[in-house]
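Student: What would the 3D arrangement of this be:
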Amino acid sequence: MLPASQASPRFKAYRKPVITSRRMLTLLFILLLAGLGWYFGIGPGRPGLERMLATLIELARQASIPTATPMPSGTPTLPPATEPPTPSATPRPTASVTPKIPTITPTVAITDTSVSTCRDFSTITLEDVGLELCVQGEVINVVENDANTLIVFSNEAGALYLVTYDVTWPEGTIGTCYQVTGEIQRLLSSPVIVFGYQNLPKECP
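Tutor: Numbers count the residues shown, from 1 in each chain. Below is the predicted model:
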């Protein structure tokens, strides 16, 4: 190495680069921009950037849509109708009327003691079963069986008839009215009265 005084003027010594803080900040800024460009451009931050941009675009589109102002209804809302007050009824004064007492002429009732209090056989139904009644009727038939005898007042189904298991019924009673008192019982679909020597039938008065 030759001293500077002996060196050729064509050869100049290299100037040492001077690194300042401004250059360092510029270099770091450039490196930061390059890193961000790589991260968000082709790196792993690209999907997040795309989603953020799509969100911003959607918000800008919604902000540009005018808000619809509701139109007032054409039919005005009427206040609820109030019922008119019901006038209280004022009782009218009633005139006092003195009732007339009719003159009653007493009459003497003539009672016929010969009228029987027995019920007619046609009024007896199965609803009377269990009652102790006096029943009367005109005999139209006598059916004698080996174990019992039936005194028939009607040929209609469900009509009451008399039954005896120990009394021999006399002949010549067809067309005669007889009455008997006993408990109304049920035999199949008909009401019956079972009689014996303790409650023998007798002719109607």
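Student: Could I get the buried residue list for the biggest helix by length in the chain?
Tutor: Identified as the longest helix of the chain according to DSSP state H is helix 21-41. Buried residues in helix 21-41, counted by 16 or more other CB atoms under 10 Å: Phe40. (Glycine included, C-beta is placed from N, CA and C.)
Student: who touches the following helix or strand past it?
Tutor: Sequence-wise, the next helix or strand downstream of helix 21-41 (DSSP states H and E) is helix 46-64. Defining contact as CB atoms under 8 Å, 6 or more residues apart in numbering, one finds that helix 46-64 is touched by Phe40.
Student: pull the CA atoms of the lowest-mean-pLDDT helix or strand in the chain into PDB?
Tutor: Of all helical and strand segments in the chain, the minimum by mean pLDDT, DSSP states H and E falls on helix 46-64, at a mean of 82. Only the C-alpha atoms of helix 46-64 are listed here, as PDB (Å, rounded to 0.1, in the frame of the first residue of the first chain):
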ATOM      1  CA  ARG A  46     -54.600 -14.200   2.500                       C
ATOM      2  CA  PRO A  47     -57.900 -15.900   3.400                       C
ATOM      3  CA  GLY A  48     -58.400 -13.600   6.400                       C
ATOM      4  CA  LEU A  49     -57.800 -10.600   4.200                       C
ATOM      5  CA  GLU A  50     -60.300 -11.800   1.700                       C
ATOM      6  CA  ARG A  51     -63.000 -12.300   4.300                       C
ATOM      7  CA  MET A  52     -62.300  -8.900   5.800                       C
ATOM      8  CA  LEU A  53     -62.600  -7.300   2.400                       C
ATOM      9  CA  ALA A  54     -65.900  -9.200   1.700                       C
ATOM     10  CA  THR A  55     -67.300  -7.900   5.000                       C
ATOM     11  CA  LEU A  56     -66.400  -4.300   4.200                       C
ATOM     12  CA  ILE A  57     -68.000  -4.600   0.700                       C
ATOM     13  CA  GLU A  58     -71.200  -6.000   2.300                       C
ATOM     14  CA  LEU A  59     -71.300  -3.300   4.900                       C
ATOM     15  CA  ALA A  60     -70.800  -0.600   2.200                       C
ATOM     16  CA  ARG A  61     -73.600  -2.200   0.100                       C
ATOM     17  CA  GLN A  62     -76.100  -2.300   3.000                       C
ATOM     18  CA  ALA A  63     -75.200   1.300   3.800                       C
ATOM     19  CA  SER A  64     -76.100   2.400   0.300                       C
END
